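Visitor: With the sequence up front, the predicted model follows.
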Amino acid sequence: MSASYLAFSKMIDHSLLVPTTTQPQLDDGCQLALAYDVASVCIMPFYLKRCSQILAGSTVLPSTTIGFPHGGHATAIKRAEALQAIDDGGQELDMVVNISQVLSGNWSYVTDDIAAVVEVTHAAGRKIKVIFENCYLTDDHKRKLCHICTELRVDWVKTSTGYGSSGATADDLRLMLQSVGPSVQVKAAGGIRDFDKLSEYKQLGVTRCGASATAVILDRARQELGLLPIQFQSKPSAASSY
């Protein structure tokens, strides 16, 4: 793959999180991620072990979700989910904050909830992305979460699950990029369906984007870069808001 193409493809976490996605579609999605050489496949937890087997030996990382999509799981359950994901080969974990506790201003709970998952994830040498679900939060909530995640040395903060009332926005991404410390990256998710949006967010400084329209986005990227198309015949996939 050309370096210019990889600058875009390695921004994408290919999302396979729609609950109606069948096993053949999950396998097909992993093969698509390999063909397009994306950053990772973010897959439903029950299928992570199989995903890890499919991606073994490639530069595409297996990843999954924790406390998804509402964030209301007890902290002990989120920690147990993280341990299971690590055991199943997950290299990156996307956890949802406890939205109810954020809105209640119970910041000690929110901090402890994130810290419990960060601790086991980093102890295993894996990386963690913390999902805010910005559509339900004020800007002050988002800034406070950025500060907490910086203190806890989270690897990425992430805008959305893709299953809330709206997804990533440029305004939210600018706020998050300005509010995190230098060691924390920012991931956009929700509503990224074309190359123009991926390019716009790349220009802002975003390093990862969750997407299910991966083939559409990267086919256009290759066209813009003057590269031959990737030959991959994908099976029809489940509808996604990602």
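Guide: Received, thanks. Remember, predicted model here, so these are calculated numbers, not experimental data. Residues are numbered from 1 along each chain as shown.

Visitor: Which residue ranges of the chain form helices?
Guide: Assigned by DSSP state H, the chain shows helices spanning 3-9, 23-36, 48-55, 75-87, 99-103, 107-123, 139-151, 170-179, 195-204, 214-225.

Visitor: which residues touch the spatially most central residue of the chain?
Guide: Note on the chain: the residue nearest the mean C-alpha position is residue 210, at 5.0 Å, using C-alpha atoms, centre = their mean. The contact partners of residue 210, by C-beta atoms under 8 Å, 6 or more residues apart in numbering, come to 12-13, 15, 42, 94, 158, 162, 187-190, 192, 242. Just so you know, the C-beta spots here come from the backbone N, C-alpha and C atoms, and that holds for glycine as well.

Visitor: Residue 115 touches residue 152, doesn't it?
Guide: Yes - using C-beta atoms under 8 Å, residue 115 is in contact with residue 152, at 5.5 Å.

Visitor: Endpoints of stretch 42-52, how far apart?
Guide: End-to-end distance of stretch 42-52: 11 Å, with C-alpha to C-alpha, to the nearest Å as the criterion.

Visitor: Distance from the chain centre to it, please.
Guide: 14 Å (C-alpha atoms, centre = their mean, to the nearest Å).

Visitor: Tell me where the model's unsure across this structure.
Guide: For the chain, the stretches with pLDDT under 70 are 235-242.

Visitor: could you redo the last one with a cut-off of 90?
Guide: For the chain, the stretches flagged by pLDDT under 90 are 1-3, 231-242.

Visitor: Skipping adjacent residues, who's closest to the residue nearest to the centre of the chain in space?
Guide: Spatial nearest neighbour of residue 210, excluding adjacent residues (C-beta to C-beta, 6 or more residues apart in numbering): residue 189 at 3.4 Å.

Visitor: if I look at the one you found, how far off is residue 19?
Guide: Residue 189 sits 17 Å away from residue 19, going by C-beta to C-beta, to the nearest Å.

Visitor: more crowded one of those two?
Guide: residue 189 (29 against 8; other C-beta atoms under 10 Å).

Visitor: Tell me who's in contact with that one.
Guide: Neighbour list for residue 189: 13, 15, 131, 158-162, 167-168, 209-211, 242 [criterion: C-beta under 8 Å, 6+ apart].

Visitor: Quick check: the farthest pair among the residues you listed?
Guide: Distances among these were taken as C-beta to C-beta; the most separated pair is 131 and 211, at 14.9 Å.
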